[in-house]
Structures are given as C-alpha cells and as structure tokens.
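**Student:** predicted structure and sequence below. I'll ask about it afterward.
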Amino acid sequence: MPKSFIQKCLNNYPLALLLALVTIWLGISIGSLSIPFSAIWNIIAHALWQAPLDDHVSAAMVQVIVAIRLPRVLLAFLIGASLALAGAAFQGLLKNVLADPYTLGVSSGAAVGAVAVFFFGIQLPFFGRFTLPIVSVICAFLTLFLVLFFARMAERKMAIETIVLIGIIVSAFFGSLISLMIALTGEELRQIIAWLMGSVAMRGWDYVWMLIPFFIVGSFVLLVHHRELNAFAFGEHAAANIGVHVARRKVIILAGASLLTGAAVAVSGTIGFVGLVVPHMTRLICGANHRRLLPFSLLYGGAFLVLADLVARTIIAPRELPIGVITSFIGAPTFAFLLFKSLKRKMG
C-alpha cells in the first residue's frame, strides 16, 4: 500500500475519529474476559437508555464493562489526548520537537504536587476531591516557569538542549523529594511508587469526572490558539509584527499545556514520552500547521495510550505492567533519535 495513501487516510478527520473509536472498542473488548462487540454496544445502550439486555449478555459482562473497563479506557484516552496535546503546544511554542511535559520536568513537578497532597493531607476549602488535580496543575505551572527561568539564566538564547537538560535536572531533584516523602511515611504510601510509574488501573468513574473539566478547559485554550502557535514558528519578533501579543499569548498557551499535564498526572501518575512521540509522528502525517496538528494529536494521543494500556494489561496476564513502562519503551529510543538528529543538524 503506497505510503502517500496511508498518510492521506490518517490525515482525514472522520478516519482519525474512527480509528480512535476502534481503539476504545478494542480496549473494552479485550481482556481476561473477552467480550464481543455486539455485547458491548448492548450493555452501553442498556446503561444509557435502559435498553433490554440480550440473552447472551451475562451479569459479569455488565459489571466488567460498566464498572471497570469503560471508565479505564475513557480515562486512558483522556490522559493520552491531554499529554499529546500539551506536547504539541510545548513543541510549537519552543520551536523544537524535543519538548514535551516529561522532558521539560513538568510531569515531575505535577507528581510532586500530587504526592504532597497525600503526604500532608492537603484539602483545599470548597474544592473537595478536586484538590488533587488543582495542586498538581499549580505545581506543573510553577515547575515550567522554574525551568525556563534557569534556562534563561544559563543561556540567554535558551537553546532547547539547555531547557531539556535543566528539565532533566529538575526532574531528578523532584524525584528525590518524592522518594523522601515516601521514605518518611513508611509503609503507608508505598503504593505511591506504583502510582508514579503510571497506571489507569482501579481508577473508576470518579477519576474520569475529575479529569474532564480540566481536559475541556485546557484543550479549548490550546485549540483556539493554533494561529498563534503557527506565528511563533517564525519567531517571537515575526509573531509580534503580525499582531500577536507575544507575552500574553505565551503565558496563556503555557498555562493551558500545564493545566492538561497537571490534571493528567494527578489521576494517572507519571506517564512519559506520550507528549514527545505522538506529536512528532502526527507532524509527519499532517504537517506542521497547528490547525490540524493539535486536533490530530489529541485523537492519536488518546488512541495511543488506550493501546499502550491494552498491551500493559495483557502482555503478561494475569499480571499487569505499569503503562509508563510501555510508553517509555517506545518513547526513550524516539527521544534519543530526535536528540542526536538535532545535535547533528547543529554541528553540520
């Protein structure tokens, strides 16, 4: 099949949406209990509109789909979409494909905020269960500005390699803070270690509803700024010349990306490289125009993480791998390839 034909198919909104729906369907269907597609639709119709259940649909199937798989798959899709969309925005704003929430240290900052909520028992007045994502978002935002501040101090031009190295340093420091909090609490928060490796297991509908408001707001903020991101590709001076309020728009875009990252990390732990790999592959398919790059990154990011979670829970069944392990196996070599390619371009 010609490569151009495949790209043309993947660069089509209805087909991209269909691909996302198919991955969600597969994620619900495949597992220790295999559930046919017809039964899935019948159970969802029953849950939404009280449609009668078919004879071949058992109570176990209903319980598995409604209580376990459907919220898990939807949560994985929302997290993957959030991280991929944030990664595409970071890459567009910083003008380099090496930027993503993980390599910039934003994910680690959000993880510190989430662990601190557990460690100190933080409860914000009036926010209840939303304390966890709100604190994570604030820490993600502060971490990003900390990384950019140190990068500016180290090198005025703020080369992306400098930003990435400082992001790695900040991530290492935050990792030590998390380890310290876990060590001080003894056995009580040992489960946080598994949470930090990234997982959507045993989260349930509460976490889906917790993430949705942040996902809607963050996605809207970034999607409506596609023109500004296209302008930033030509440099801040050029963007200012065509009427972009550079400082204000940069803060808004960074806030939107940090909002998505912080909320995603709060509900799933640290899942690396989704924001690096998916926007890069989407850019190869759809081009660099953010009007198309952002929504396609959202769709393909969600589909990618649903498939990664499917592999994580089936490859060594009945045991389950953290989803962060799967994404790191894919993302780390991709990051190394892009880094060497960037360095080679600068040297020669």
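**Tutor:** Thanks, I have the structure now. Since we're looking at a predicted model, the values are computed, not measured.
**Student:** shaky segments in this protein?
**Tutor:** Along the chain, segments meeting pLDDT under 70 span 1-3, 5, 156-161, 186-191, 194-195, 342-343, 345-348.
**Student:** dump stretch 209-219 to CSV, keeping only the CA atoms.
**Tutor:** This file holds the C-alpha atoms of stretch 209-219, laid out as CSV (Å, rounded to 0.1, in the frame of the first residue of the first chain):
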residue,chain,number,x,y,z
TRP,A,209,-15.2,13.1,36.1
MET,A,210,-12.3,14.6,38.0
LEU,A,211,-10.2,15.0,34.8
ILE,A,212,-13.0,16.0,32.3
PRO,A,213,-13.3,19.7,33.4
PHE,A,214,-9.5,20.3,33.2
PHE,A,215,-9.4,18.4,29.8
ILE,A,216,-12.2,20.6,28.3
VAL,A,217,-10.7,23.9,29.5
GLY,A,218,-7.1,23.0,28.6
SER,A,219,-8.0,21.6,25.2
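**Student:** would you mark the buried spots in it?
**Tutor:** 210-211, 214-215, 218-219 (16 or more other C-beta atoms under 10 Å). Glycine gets a C-beta too; all of them are placed from N, C-alpha and C.
**Student:** next one: it to chain centre, how far?
**Tutor:** Relative to the centre of its chain, stretch 209-219 is centred 12 Å away, using C-alpha atoms, centre = their mean, to the nearest Å.
**Student:** ditto for stretch 225-236
**Tutor:** Mean-position distance between stretch 225-236 and its chain equals 22 Å (C-alpha atoms, centre = their mean).
**Student:** alpha carbons only: can I get it in PDB?
**Tutor:** Taking C-alpha atoms only, stretch 225-236 is exported to PDB below (Å, rounded to 0.1, in the frame of the first residue of the first chain):
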ATOM      1  CA  HIS A 225      -4.500  29.300  19.800                       C
ATOM      2  CA  HIS A 226      -3.500  27.400  16.700                       C
ATOM      3  CA  ARG A 227      -2.900  30.600  14.800                       C
ATOM      4  CA  GLU A 228      -0.600  32.000  17.500                       C
ATOM      5  CA  LEU A 229       1.400  28.700  17.600                       C
ATOM      6  CA  ASN A 230       1.800  28.900  13.800                       C
ATOM      7  CA  ALA A 231       3.100  32.500  14.200                       C
ATOM      8  CA  PHE A 232       5.500  31.500  16.900                       C
ATOM      9  CA  ALA A 233       7.100  29.100  14.400                       C
ATOM     10  CA  PHE A 234       8.600  32.100  12.600                       C
ATOM     11  CA  GLY A 235      10.000  33.600  15.900                       C
ATOM     12  CA  GLU A 236       8.600  35.900  18.500                       C
END
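**Student:** so who does A84 touch?
**Tutor:** Applying C-beta atoms under 8 Å, 6 or more residues apart in numbering, we find A84 in contact with 274-275, 278-279, 282, 297-298, 300-302, 304.
**Student:** so which elements touch the helix or strand hosting V135?
**Tutor:** Assigned by DSSP states H and E, V135 belongs to helix 131-154. If you count contacts as 3 or more C-beta pairs under 8 Å, 6 or more residues apart in numbering; DSSP states H and E, helix 131-154 packs onto helix 106-120, helix 160-185, helix 205-223, helix 246-268.
**Student:** list the contacts of the third one.
**Tutor:** Pointing back at helix 205-223 there. Contacting residues not belonging to helix 205-223 are listed as 71, 74-75, 78-79, 81-82, 85-86, 88-89, 129-130, 132-133, 137, 252-253, 255-257, 259-260, 262-264, 266-267, 294-295, 298 [C-beta under 8 Å, 6+ apart].
**Student:** drop anything exposed from these.
**Tutor:** Neighbour counting over those (16+ other C-beta under 10 Å) leaves 71, 74-75, 78-79, 81-82, 85-86, 88-89, 130, 132-133, 137, 252-253, 255-257, 259-260, 262-264, 266-267, 294-295, 298 as the buried ones.
**Student:** from the contacts of A84, which is closest to F335?
**Tutor:** Nearest to F335, judged by C-beta to C-beta, of these is G275 at 10.8 Å.
**Student:** and the closest one, how many residues sit next to it?
**Tutor:** Neighbour count of G275, defined by other C-beta atoms under 10 Å: 36.
**Student:** gap between it and N96?
**Tutor:** Using C-beta to C-beta, to the nearest Å, G275 is found at 13 Å from N96.
**Student:** and if you look at L75?
**Tutor:** Plainly put, L75 is 30 Å away from N96 if you go by C-beta to C-beta.
**Student:** what's near enough to touch A16?
**Tutor:** So A16 contacts 10, 296, 299-300 (C-beta under 8 Å, 6+ apart).
**Student:** now do A233
**Tutor:** Contact analysis of A233 by C-beta under 8 Å, 6+ apart lists 92, 95, 288.
**Student:** among the helices and strands packed on helix 131-154, which is nearest A238?
**Tutor:** helix 246-268 (10.0 Å).
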